[in-house]
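K.L.:
I would like to see how this sequence folds:
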Amino acid sequence: MIQPGQQIRDYKILSKIGVGGMGSVYLAEDLTLERQVALKILNKELINDAQFTGRFIQEARLQASLLHPNIVTLHTFFEEDNNFCMVMEYVNGMTLKDLIRKTGPIPEERTKKIFRQILEAASYAHKKGIIHRDLKPSNILIDENDFVKVLDFGIAKLLGSERFLTKIGSAAGTVYYMSPEQIRSDKHIDNRTDIYSLGITLFEMLTGRIPYKTDTDSDFQIMKEIVEVNLISPNLLNPNLSSRVCDAIKQMTEKDRTKRFATCFLISEYLEGNQENIKKYGNLPILKTKDKETSKSIYIQEPLNANQIIDFNKMDFNKINSNNIGENKPKEAIETKEFKKRLKLRKQIYIYIIIFLMILLIYFSLIR
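P.N.:
Below is the predicted model of the structure:
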């Protein structure tokens with residue numbers, strides 16, 4: 001049992017600030033750097049699973065690479081006295097879930113200001129090939145100035161397995177925010193599962209409640225409703241909402257993921273009414289990833305439909321040639337290719353000159 005005043009390495013426990021399905025979170029003081037941090041310590045039950053802890057360490061490294069103003073920073077990760085500890089940035093505020101409980105429905109303009117930051121965080125992660133899979137108000141922190149920090153990017157991938165669904169979902173309310181494809185355990189999950197979860201989150205922000213029955217302890221009934229029953233329109237609960245935000249929620253929470261927004265960027269542009277950008281960037285591809293992150297970039301010649309999926313994990317980047325490169329290739333990339341051509345030609349010329357000089361040297365040596 002961790003107690004206030006206890007010291008773990010260079011971190012002095014100040015108080016317990018949260019409990020979740022995966023562990024407990026403590027406010028701690030970093031004695032070396034003299035700053036407050038959030039220290040998350042995993043449950044002993046999860047530590048005993050070697051496969052889980054191995055993947056967790058890998059995901060912790062991945063989250064440490066996510067440097068974005070709207071994502072909580074992971075400072076370090078260590079094991080001490082059979083405790084797996086994550087040292088994270090401490091945010092002095094409350095969860096979005098607590099804010100909704102405190103205020104009820106959040107006014108639309110304030111909601112859009114908050115939600116835009118959540119979209120930016122999710123969009124940043126998606127571009128890096130990372131799918132959160134557990135986006136919900138309790139994983140979103142907000143300070144007194146409505147500045148947002150999203151928790152648990154990279155780690156939530158572990159929650160996709162059926163093994164941890166009921167235990168962690170029941171404790172933290174995860175099931176309510178899961179997409180139909182997550183419920184069905186579809187083999188391929190892409191960024192649109194996060195878009196669905198964000199749609200449920202937006203619904204809750206604007207109405208003060210989730211769109212499903214909460215008077216049941218049966219995860220099965222909730223899952224069945226998510227897969228089979230269409231959401232009610234949020235303006236039935238809050239008549240003051242604009243048709244635009246209601247339409248956005250409807251498209252984000254379509255059962256058929258091919259009918260959802262393809263990217264978080266398009267959601268943000270739609271909510272702001274930027275029709276020109278929607279027309280211009282509406283053909284952005286959906287990034288489809290598995291557990292392995294890819295940092296490769298490619299350029300596709302033909303325009304992509306909004307529902308077309310590129311599976312980067314199956315693509316052989318070594319076989320991509322000039323026939324795959326279209327007019328949308330950045331100028332810097334074209335200039336780099338031209339530079340390499342000139343460099344290769346220059347090397348060939350130097351080789352020819354050296355060969356010519358050697359022949360001359362041999363010739364003059366023989367005639368002497």
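K.L.:
how's this protein carved up into domains?
P.N.:
As assigned by automatic domain parsing, the chain contains the domains 7-89, 94-312, 330-368.
K.L.:
need those domains in JSON lines (columns: mean pLDDT, distance to Met1 and mean neighbour count).
P.N.:
To be clear about C-beta, it is placed using only N, CA and C from the backbone, and glycine gets the same treatment. As requested, these are exported to JSON lines (pLDDT from 0 to 100; distance: least, C-beta to C-beta, whole Å; neighbours: other C-beta atoms under 10 Å):
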{"stretch": "domain 7-89", "mean pLDDT": "87", "distance to Met1": "10", "mean neighbour count": "16"}
{"stretch": "domain 94-312", "mean pLDDT": "80", "distance to Met1": "19", "mean neighbour count": "18"}
{"stretch": "domain 330-368", "mean pLDDT": "73", "distance to Met1": "56", "mean neighbour count": "10"}
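K.L.:
could you measure from the residue sitting nearest the centre point of the chain over to Glu144?
P.N.:
By C-alpha atoms, centre = their mean, the mean C-alpha position of the chain lies nearest to Ala125, the distance being 3.6 Å. For Ala125, the distance to Glu144 (C-beta to C-beta, to the nearest Å) stands at 25 Å.
K.L.:
swap in Val150?
P.N.:
Distance, Val150 to Glu144, using C-beta to C-beta: 18 Å.
K.L.:
what of Met22?
P.N.:
27 Å.
K.L.:
for this structure, which helix is longest?
P.N.:
Ranked by number of residues, the top helix in the chain under DSSP state H is helix 331-367.
K.L.:
elements contacting that one?
P.N.:
Helix 331-367 is packed against no helix or strand, with contacts defined by 3 or more C-beta pairs under 8 Å, 6 or more residues apart in numbering; DSSP states H and E.
K.L.:
centre of the chain versus it, how much separation?
P.N.:
48 Å (C-alpha atoms, centre = their mean, to the nearest Å).
K.L.:
cool, stretch 25-44 as well?
P.N.:
Chain-centre distance of stretch 25-44: 24 Å, with C-alpha atoms, centre = their mean.
K.L.:
dump it to CSV, restricted to CA.
P.N.:
Extracted in CSV, the C-alpha atoms of stretch 25-44 (Å, rounded to 0.1, in the frame of the first residue of the first chain):
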residue,chain,number,x,y,z
VAL,A,25,-2.2,7.8,-9.7
TYR,A,26,-0.4,9.8,-7.1
LEU,A,27,0.7,13.4,-6.9
ALA,A,28,4.4,13.3,-6.2
GLU,A,29,7.3,15.6,-5.9
ASP,A,30,10.4,15.1,-8.0
LEU,A,31,13.1,15.7,-5.4
THR,A,32,15.8,16.1,-8.0
LEU,A,33,14.1,18.6,-10.4
GLU,A,34,11.9,20.1,-7.7
ARG,A,35,8.6,19.8,-9.6
GLN,A,36,5.3,18.1,-9.1
VAL,A,37,4.6,15.0,-11.3
ALA,A,38,1.8,12.4,-11.6
LEU,A,39,3.1,9.0,-10.6
LYS,A,40,1.0,6.1,-12.0
ILE,A,41,1.7,2.7,-10.4
LEU,A,42,0.2,-0.4,-12.1
ASN,A,43,-1.9,-2.9,-10.3
LYS,A,44,-0.1,-5.9,-9.0
